[in-house]
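A.B. asks: no FASTA, just this:
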(Lines give C-alpha, C1' and ligand atoms only; values in the text may rest on other atoms or scores of the structure.)
Protein backbone atom coordinates (compact mmCIF):
# COMPACT_ATOMS: atom_id res chain seq x y z
CA UNK A 1 0.00 0.00 0.00
CA UNK A 2 3.04 2.26 -0.16
CA UNK A 3 1.88 4.00 -3.35
CA UNK A 4 -1.61 5.01 -2.23
CA UNK A 5 -3.22 6.22 0.99
CA UNK A 6 -6.76 6.26 2.33
CA UNK A 7 -8.63 9.55 1.98
CA UNK A 8 -11.03 9.24 4.94
CA UNK A 9 -10.86 5.55 5.79
CA UNK A 10 -14.66 5.37 5.87
CA UNK A 11 -16.54 2.61 4.05
CA UNK A 12 -18.95 3.65 1.32
CA UNK A 13 -21.26 1.61 -0.88
CA UNK A 14 -20.29 1.62 -4.57
CA UNK A 15 -22.02 0.29 -7.67
CA UNK A 16 -20.01 -2.59 -9.05
CA UNK A 17 -21.01 -1.84 -12.63
CA UNK A 18 -19.30 1.56 -12.46
CA UNK A 19 -15.94 0.16 -11.36
CA UNK A 20 -12.87 -0.47 -13.49
CA UNK A 21 -10.16 -3.09 -13.07
CA UNK A 22 -6.77 -1.59 -12.29
CA UNK A 23 -4.88 -0.63 -15.41
CA UNK A 24 -1.31 -1.99 -15.42
CA UNK A 25 0.28 -1.27 -18.81
CA UNK A 26 2.63 -4.22 -19.14
CA UNK A 27 -0.06 -6.75 -18.24
CA UNK A 28 -3.07 -5.07 -19.83
CA UNK A 29 -2.82 -6.10 -23.48
CA UNK A 30 -5.38 -4.01 -25.26
CA UNK A 31 -6.76 -6.79 -27.47
CA UNK A 32 -7.69 -8.88 -24.41
CA UNK A 33 -9.71 -6.02 -22.93
CA UNK A 34 -11.84 -5.40 -26.01
CA UNK A 35 -15.43 -6.29 -25.16
CA UNK A 36 -16.38 -9.24 -27.40
CA UNK A 37 -19.75 -7.93 -28.58
CA UNK A 38 -19.31 -4.16 -28.86
CA UNK A 39 -15.61 -4.42 -29.84
CA UNK A 40 -14.91 -1.45 -27.54
CA UNK A 41 -11.90 -1.33 -25.24
CA UNK A 42 -13.13 -1.34 -21.66
CA UNK A 43 -11.55 -1.82 -18.25
CA UNK A 44 -15.04 -1.90 -16.70
CA UNK A 45 -16.03 -4.79 -14.46
CA UNK A 46 -19.13 -5.84 -16.48
CA UNK A 47 -17.12 -6.66 -19.63
CA UNK A 48 -13.88 -7.69 -17.94
CA UNK A 49 -12.07 -11.00 -18.47
CA UNK A 50 -12.60 -11.60 -14.74
CA UNK A 51 -16.40 -11.61 -15.09
CA UNK A 52 -16.27 -13.83 -18.19
CA UNK A 53 -14.12 -16.35 -16.28
CA UNK A 54 -16.44 -16.40 -13.25
CA UNK A 55 -19.45 -16.91 -15.50
CA UNK A 56 -17.85 -20.04 -16.93
CA UNK A 57 -17.06 -21.28 -13.43
CA UNK A 58 -20.64 -20.61 -12.28
CA UNK A 59 -21.88 -22.59 -15.30
CA UNK A 60 -19.78 -25.60 -14.21
CA UNK A 61 -17.14 -25.34 -16.94
CA UNK A 62 -13.65 -26.73 -16.42
CA UNK A 63 -10.11 -26.00 -17.56
CA UNK A 64 -10.73 -27.04 -21.17
CA UNK A 65 -13.33 -24.29 -21.56
CA UNK A 66 -11.30 -21.77 -19.54
CA UNK A 67 -7.84 -22.18 -21.01
CA UNK A 68 -8.60 -19.97 -24.04
CA UNK A 69 -10.39 -17.21 -22.10
CA UNK A 70 -9.14 -13.65 -22.11
CA UNK A 71 -8.39 -14.00 -18.39
CA UNK A 72 -6.12 -17.03 -18.81
CA UNK A 73 -4.49 -15.58 -21.92
CA UNK A 74 -3.64 -12.43 -19.97
CA UNK A 75 -1.92 -14.53 -17.31
CA UNK A 76 -0.04 -16.45 -20.00
CA UNK A 77 1.14 -13.15 -21.47
CA UNK A 78 2.60 -12.27 -18.07
CA UNK A 79 4.74 -15.40 -18.38
CA UNK A 80 5.79 -14.40 -21.88
CA UNK A 81 6.78 -10.96 -20.59
CA UNK A 82 9.16 -12.29 -17.95
CA UNK A 83 7.05 -13.60 -15.06
CA UNK A 84 7.90 -17.33 -15.27
CA UNK A 85 5.52 -18.53 -12.54
CA UNK A 86 2.49 -18.13 -14.86
CA UNK A 87 2.68 -21.61 -16.38
CA UNK A 88 -0.55 -23.32 -17.43
CA UNK A 89 -0.08 -25.73 -14.52
CA UNK A 90 0.27 -22.86 -12.04
CA UNK A 91 -2.78 -21.07 -13.47
CA UNK A 92 -4.91 -24.26 -13.49
CA UNK A 93 -3.78 -25.85 -10.22
CA UNK A 94 -3.00 -22.85 -8.01
CA UNK A 95 -4.27 -19.50 -9.28
CA UNK A 96 -7.75 -20.43 -10.51
CA UNK A 97 -8.66 -22.51 -7.43
CA UNK A 98 -7.92 -19.46 -5.27
CA UNK A 99 -10.09 -17.28 -7.52
CA UNK A 100 -12.90 -19.82 -7.38
CA UNK A 101 -12.54 -20.15 -3.61
CA UNK A 102 -13.24 -16.41 -3.37
CA UNK A 103 -16.28 -16.82 -5.61
CA UNK A 104 -17.61 -19.73 -3.53
CA UNK A 105 -17.05 -17.85 -0.28
CA UNK A 106 -18.97 -14.79 -1.49
CA UNK A 107 -21.73 -17.03 -2.80
CA UNK A 108 -22.04 -18.75 0.58
CA UNK A 109 -21.41 -15.89 3.01
CA UNK A 110 -22.02 -12.71 1.01
CA UNK A 111 -19.54 -9.90 0.52
CA UNK A 112 -17.62 -9.17 3.73
CA UNK A 113 -18.10 -5.66 5.09
CA UNK A 114 -14.91 -6.20 7.09
CA UNK A 115 -12.88 -6.31 3.88
CA UNK A 116 -13.97 -3.48 1.58
CA UNK A 117 -12.31 -3.06 -1.79
CA UNK A 118 -9.96 -0.11 -2.26
CA UNK A 119 -10.76 2.34 -5.05
CA UNK A 120 -9.15 5.34 -6.75
CA UNK A 121 -11.02 8.21 -8.39
CA UNK A 122 -8.55 8.26 -11.28
CA UNK A 123 -6.31 5.49 -12.61
CA UNK A 124 -2.99 5.28 -10.79
CA UNK A 125 -0.95 5.31 -13.97
CA UNK A 126 -2.65 8.53 -15.02
CA UNK A 127 -2.15 10.34 -11.72
CA UNK A 128 1.43 9.19 -11.18
CA UNK A 129 2.85 9.20 -14.71
CA UNK A 130 0.24 10.96 -16.86
CA UNK A 131 0.13 7.68 -18.78
CA UNK A 132 -2.57 7.41 -21.50
CA UNK A 133 -5.40 5.40 -19.98
CA UNK A 134 -8.02 5.07 -22.69
CA UNK A 135 -10.95 3.98 -20.53
CA UNK A 136 -10.97 5.99 -17.33
CA UNK A 137 -13.23 5.53 -14.37
CA UNK A 138 -13.23 4.60 -10.70
CA UNK A 139 -10.29 2.20 -10.54
CA UNK A 140 -10.08 -0.71 -8.14
CA UNK A 141 -6.72 -0.68 -6.37
CA UNK A 142 -7.36 -3.98 -4.59
CA UNK A 143 -10.35 -6.29 -4.85
CA UNK A 144 -11.11 -6.66 -8.57
CA UNK A 145 -11.55 -10.43 -8.22
CA UNK A 146 -14.00 -10.04 -5.34
CA UNK A 147 -15.91 -7.28 -7.12
CA UNK A 148 -16.16 -9.41 -10.28
CA UNK A 149 -17.38 -12.43 -8.32
CA UNK A 150 -20.00 -10.30 -6.57
CA UNK A 151 -21.14 -8.92 -9.94
CA UNK A 152 -21.59 -12.42 -11.41
CA UNK A 153 -23.49 -13.43 -8.27
CA UNK A 154 -26.01 -10.63 -8.92
CA UNK A 155 -24.87 -8.08 -6.37
CA UNK A 156 -25.09 -4.44 -7.40
CA UNK A 157 -23.27 -2.65 -4.56
CA UNK A 158 -20.29 -3.55 -2.38
CA UNK A 159 -18.35 -1.74 0.37
CA UNK A 160 -15.29 0.28 -0.60
CA UNK A 161 -12.82 2.76 0.83
CA UNK A 162 -11.51 5.67 -1.25
CA UNK A 163 -7.75 5.90 -1.72
CA UNK A 164 -5.53 8.31 -3.61
CA UNK A 165 -2.07 8.37 -5.11
CA UNK A 166 0.49 9.45 -2.51
CA UNK A 167 2.59 11.28 -5.11
CA UNK A 168 0.34 12.40 -7.98
CA UNK A 169 2.21 13.90 -10.92
CA UNK A 170 5.54 13.11 -9.33
CA UNK A 171 6.68 10.70 -12.02
CA UNK A 172 8.28 8.93 -9.04
CA UNK A 173 9.44 5.77 -10.65
CA UNK A 174 10.08 3.82 -7.45
CA UNK A 175 9.47 0.14 -8.10
CA UNK A 176 8.01 1.04 -11.52
CA UNK A 177 11.21 2.62 -12.85
CA UNK A 178 12.45 -0.12 -15.15
CA UNK A 179 8.94 -0.95 -16.28
CA UNK A 180 7.81 2.52 -17.37
CA UNK A 181 9.59 2.57 -20.75
CA UNK A 182 8.58 -1.03 -21.38
CA UNK A 183 4.99 -0.18 -20.42
CA UNK A 184 4.86 2.64 -22.93
CA UNK A 185 6.24 0.35 -25.63
CA UNK A 186 3.78 -2.43 -24.73
CA UNK A 187 0.80 -0.09 -24.70
CA UNK A 188 1.71 1.39 -28.07
CA UNK A 189 2.14 -2.11 -29.52
CA UNK A 190 -1.26 -3.29 -28.30
CA UNK A 191 -3.00 -0.64 -30.39
CA UNK A 192 -1.91 -2.66 -33.42
CA UNK A 193 -2.82 -6.10 -32.02
CA UNK A 194 -5.91 -7.93 -33.17
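C.D. replies: Done, it's in. Remember, predicted model here, so these are calculated numbers, not experimental data. Numbering: from 1, shown residues only.

A.B. asks: ramachandran angles for residue 11?
C.D. replies: Residue 11 adopts backbone torsions of phi -80, psi 140, taken as degrees, to the nearest 10.

A.B. asks: so what's it scoring on pLDDT?
C.D. replies: According to the prediction, residue 11 has pLDDT 96.

A.B. asks: and it, how far from residue 47?
C.D. replies: Plainly put, residue 11 is 26 Å away from residue 47 if you go by C-beta to C-beta, to the nearest Å. Using the backbone N, CA and C atoms, a C-beta is placed for each residue, glycine as well.

A.B. asks: need the helices for this structure, in chain order.
C.D. replies: 49-58, 63-66, 70-80, 88-90, 96-109, 124-129, 144-152, 177-190 (DSSP state H).

A.B. asks: got JSON lines for those helices, with mean pLDDT, distance to residue 31 and mean neighbour count too?
C.D. replies: What follows is the helices of the chain, written out as JSON lines (pLDDT from 0 to 100; distance: least, C-beta to C-beta, whole Å; neighbours: other C-beta atoms under 10 Å):
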{"stretch": "helix 49-58", "mean pLDDT": "97", "distance to residue 31": "11", "mean neighbour count": "19"}
{"stretch": "helix 63-66", "mean pLDDT": "96", "distance to residue 31": "18", "mean neighbour count": "12"}
{"stretch": "helix 70-80", "mean pLDDT": "90", "distance to residue 31": "9", "mean neighbour count": "17"}
{"stretch": "helix 88-90", "mean pLDDT": "97", "distance to residue 31": "20", "mean neighbour count": "12"}
{"stretch": "helix 96-109", "mean pLDDT": "97", "distance to residue 31": "22", "mean neighbour count": "14"}
{"stretch": "helix 124-129", "mean pLDDT": "89", "distance to residue 31": "19", "mean neighbour count": "21"}
{"stretch": "helix 144-152", "mean pLDDT": "98", "distance to residue 31": "19", "mean neighbour count": "24"}
{"stretch": "helix 177-190", "mean pLDDT": "58", "distance to residue 31": "6", "mean neighbour count": "14"}
